[in-house]
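Undergrad: quick one, fold the following:
(chains A and B)
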Amino acid sequence: MKRTGISILFTFPVSILLVALMGGCATGSTKNATSVVDYLFPNTKDPVVTPGIPTLTLPLRVGIAFVPSNSSGHSRRSSGVFGSYQDGSPALTEKRKSDLMREVADHFKKYPFVKDIEIIPSAYLRPGGSFANLDQIRTMYGVDIIALLSYDQVQFTDEGKLSLTYWTIVGAYVVPGEKNDTQTMLDAVVYDIPSRKMLFRAPGQSRVKGSATLVNQSEELRADSGKGFDEAAKEMIVNLDEQLTNFKAKVKERPDEFKVVNSPGYSGSSGGGSIDLLSLLLIACMGGYFLWMAKRN
Amino acid sequence: MDGQTQLTVRRLPVWTLAICAGAMLIFIVPWLGTQLIYDRTAVIRGELWRLMTGNLVHLSTSHLAYDLAAFMISGTIIEIRGYRYFAMLCFLTAMMIGVAILAFEPALHYYGGLSGVVTATVTYFCLHGLADKGSWRWLCAGLLAGLAIKLWSEMWIGNSLLLSVSTEAFVPVPLSHLIGAFSALLLFILMRLSACIRCTKTAV
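TA: Got it, this is the predicted structure:
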């Protein structure tokens, strides 16, 4: 009798605590973000930077870099879900950043007016470094144009009805009761460093939905995060292509806003072996005559 | 399989279709284009396949359309007429163009396009056509003469006269056309020489 009383005394508060934990941790979200504005204009007291007229020297040497996250902490978690699944670590590792930048760089290497694309490690960019930091990058890498990449990823986790099975302990291992929603935005802003002028920008977005068991929640969230960045990067590359085409048209239409000069000896660093229309017509005529001859014979 | 079907299968321009399909695939998948384009820095670094595969990479839709249309016609003529060593001609020309650009065009960082190979195939079937009879022979001779004038003018002005007014974002490379014509002529002469040697041996 005495023993039962002790058990009740012990289990009752524990149960209350567990229920309270479950109720309090039903949803959670994690946000990871970097901002180009925070990097370029960190101090609002500074005078507004007045952009000049950019002079684009062909072929272009372009740098590409991820803006660093602010030390004040742009990575945050609003509440945990049944324990800790995220410890506030950055969404993108340095290797992942490098892979993403290489993917973007490879796509734009083929353009004739691009001589080099330098991938600049994040360590070379100071949080809130602004244009002074970009000037240093320009000196170090010899780039005039820089594509600054920033990201904003939010991961939401909600517990579905299936999470009730966690009370059985086994359920926490086998039942995917956690519903995850990962929303990602990658943004590329292309700046002419000497003139401080923004040339164009292109975003890429993605939304990944998934589910996980309680025990593999953090693993699933990491996988969703990676997938989100991959999909956003693909969309961003497509948008960059489109914006680049628009920008080329803008440069031609408004020569007073953008100056384009060729480096000495440069006439275009990409060459194409191309057939002209007259040659194509002649060859087509030969082909037609050949067909007619073959049919007749 | 009846005789007619066998003939059709035998005369299907397999190499032409394969090369065109390859060029289209590379154009559709940008990653492939990046890995295969003639990139001077990468070639010097040791990625030697780019010397040859650069010919399959195209820099714009119109670039691809013009080159493929011309190659489709000339390649089909060669394969249907059964002129030998067509595949060898394509590989030899592609390689020679890559090496020539590396040696003689140091300012060119990237190169892509099939027109050098097209020039080679046109030259090749025209040279063979000279041995034919009738109007085909004269058409081939006329086209060869026109080709010679075109090559001469391109080398003279250092640009393609008709392409110089186009809005393409790349510079034409007349050297690739010259190398294409040269490789076709070289292969044709070698073929004739070996045939002569074989004839002499048989006679002896």
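
Undergrad: now the residue nearest to the spatial centre of chain B: closest residue in space that isn't a chain neighbour?
TA: Nearest to the mean C-alpha position of chain B, by CA atoms, centre = their mean, lies residue B:117 at 1.1 Å. Excluding the flanking residues, the one nearest residue B:117 by CB to CB, 6 or more residues apart in numbering or on different chains is residue B:93, at 5.0 Å. Just so you know, the C-beta spots here come from the backbone N, C-alpha and C atoms, and that holds for glycine as well.

Undergrad: and the helices in chain A?
TA: Here chain A has its helices, by DSSP state H, at A:2-24, A:36-40, A:94-109, A:130-141, A:170-174, A:217-253, A:277-296.

Undergrad: as TSV, those helices with mean pLDDT and mean neighbour count would be great.
TA: Output for these, formatted as TSV (pLDDT from 0 to 100; neighbours: other CB atoms under 10 Å in any protein chain shown):
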stretch	mean pLDDT	mean neighbour count
helix A:2-24	51	10
helix A:36-40	86	18
helix A:94-109	83	17
helix A:130-141	89	16
helix A:170-174	71	14
helix A:217-253	84	17
helix A:277-296	85	15
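
Undergrad: tell me where chain B has helices.
TA: Going by DSSP H, chain B shows helices at B:3-10, B:14-28, B:30-36, B:40-45, B:50-53, B:61-81, B:86-104, B:115-129, B:135-157, B:174-203.

Undergrad: counting contacts, what elements does the third one pack onto?
TA: Right, the one you point to is helix B:30-36. If you count contacts as 3 or more CB pairs under 8 Å, 6 or more residues apart in numbering or on different chains; DSSP states H and E, helix B:30-36 packs onto helix A:94-109, helix B:14-28.

Undergrad: report the distance from the first one to the chain centre.
TA: Distance of helix A:94-109 from its chain centroid, counting by CA atoms, centre = their mean, to the nearest Å, is 10 Å.

Undergrad: would you confirm that residue B:32 contacts residue B:25?
TA: Yes. In this structure, residue B:32 is within contact of residue B:25 by CB atoms under 8 Å, at 6.7 Å.

Undergrad: higher neighbour count, the two?
TA: Comparing residue B:32 with residue B:25 by neighbour count (other CB atoms under 10 Å in any protein chain shown), the higher total belongs to residue B:32, at 16 against 12.

Undergrad: that older thread, out of the helices and strands packed on helix B:30-36, which is closest to residue B:189?
TA: With distances scored as CB to CB, the stretch of these nearest to residue B:189 is helix B:14-28 (21.7 Å).

Undergrad: tell me if that closest one is near chain A.
TA: No. Taking CB under 8 Å from any CB of the partner chain as the criterion, helix B:14-28 and chain A are apart, separated by no less than 11.0 Å.

Undergrad: show me the contacts for residue A:174.
TA: Applying CB atoms under 8 Å, 6 or more residues apart in numbering or on different chains, one finds that residue A:174 lies in contact with residue A:213.

Undergrad: for residue A:109, give me its contacts.
TA: A:117, B:34, B:39, B:110.

Undergrad: can you redo these as TSV with distance to residue B:61 and neighbour count?
TA: Shown next, in TSV, are the contacts of residue A:109 (distance: CB to CB, whole Å; neighbours: other CB atoms under 10 Å in any protein chain shown):
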residue	distance to residue B:61	neighbour count
A:117	23	22
B:34	17	19
B:39	21	22
B:110	17	26
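
Undergrad: which one of those sits closest to residue B:175?
TA: Distances from residue B:175 to the contacts of residue A:109, taken by CB to CB, are shortest for residue B:110, at 14.6 Å.

Undergrad: might you report the residue contacts of residue B:39?
TA: Applying CB under 8 Å, 6+ apart to residue B:39 gives the contacts A:109, B:47, B:50, B:54, B:109, B:110.

Undergrad: now do residue A:175
TA: By CB under 8 Å, 6+ apart, the neighbours of residue A:175 are A:162, A:163, A:165, A:166, A:213.

Undergrad: surely the second one is in contact with residue A:179?
TA: It refers to residue A:163. No. No contact is recorded between residue A:163 and residue A:179 when judged using CB under 8 Å, the distance being 9.1 Å.

Undergrad: between those two, which has more neighbouring residues?
TA: Under the criterion of other CB under 10 Å, the comparison of residue A:163 against residue A:179 puts residue A:163 first, with 22 against 17.

Undergrad: now do the more buried one, the pLDDT please.
TA: Residue A:163 carries a pLDDT value of 71.

Undergrad: now it, nearest residue through space, not along the chain?
TA: Using CB to CB, 6+ apart, the closest residue to residue A:163 is residue A:177 (3.4 Å).

Undergrad: gap between that neighbour and chain B?
TA: Distance of residue A:177 to chain B, computed by CB to the nearest CB, to the nearest Å: 39 Å.

Undergrad: any idea how many residues pack against that residue?
TA: Using other CB under 10 Å, residue A:177 is surrounded by 22 other residues.

Undergrad: so what's the nearest residue to residue B:49 once chain neighbours are set aside up against?
TA: Spatially, and ignoring its direct neighbours in sequence, residue B:49 is nearest to residue B:36 (7.3 Å; CB to CB, 6+ apart). Applying CB under 8 Å, 6+ apart to residue B:36 gives the contacts B:26, B:49, B:50, B:53, B:54, B:56, B:57.

Undergrad: could you dump those to CSV with distance to residue A:93?
TA: Output for the contacts of residue B:36, formatted as CSV (distance: CB to CB, whole Å):
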residue, distance to residue A:93
B:26, 32
B:49, 32
B:50, 31
B:53, 33
B:54, 34
B:56, 36
B:57, 32
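
Undergrad: sorry, back to before: any idea which of the helices of chain B gets closest to residue A:34?
TA: Using CB to CB, those put helix B:30-36 closest to residue A:34, at 26.3 Å.

Undergrad: surely residue A:107 touches residue A:237?
TA: Yes. The pair residue A:107 and residue A:237 passes the contact test of CB under 8 Å, sitting 5.3 Å apart.

Undergrad: the residue lying closest to residue B:127 once chain neighbours are set aside and residue A:217, how far apart?
TA: Nearest residue to residue B:127, sequence neighbours excluded (CB to CB, 6+ apart): residue B:188, at 4.6 Å. Residue B:188 is 70 Å from residue A:217, where distance means CB to CB, to the nearest Å.
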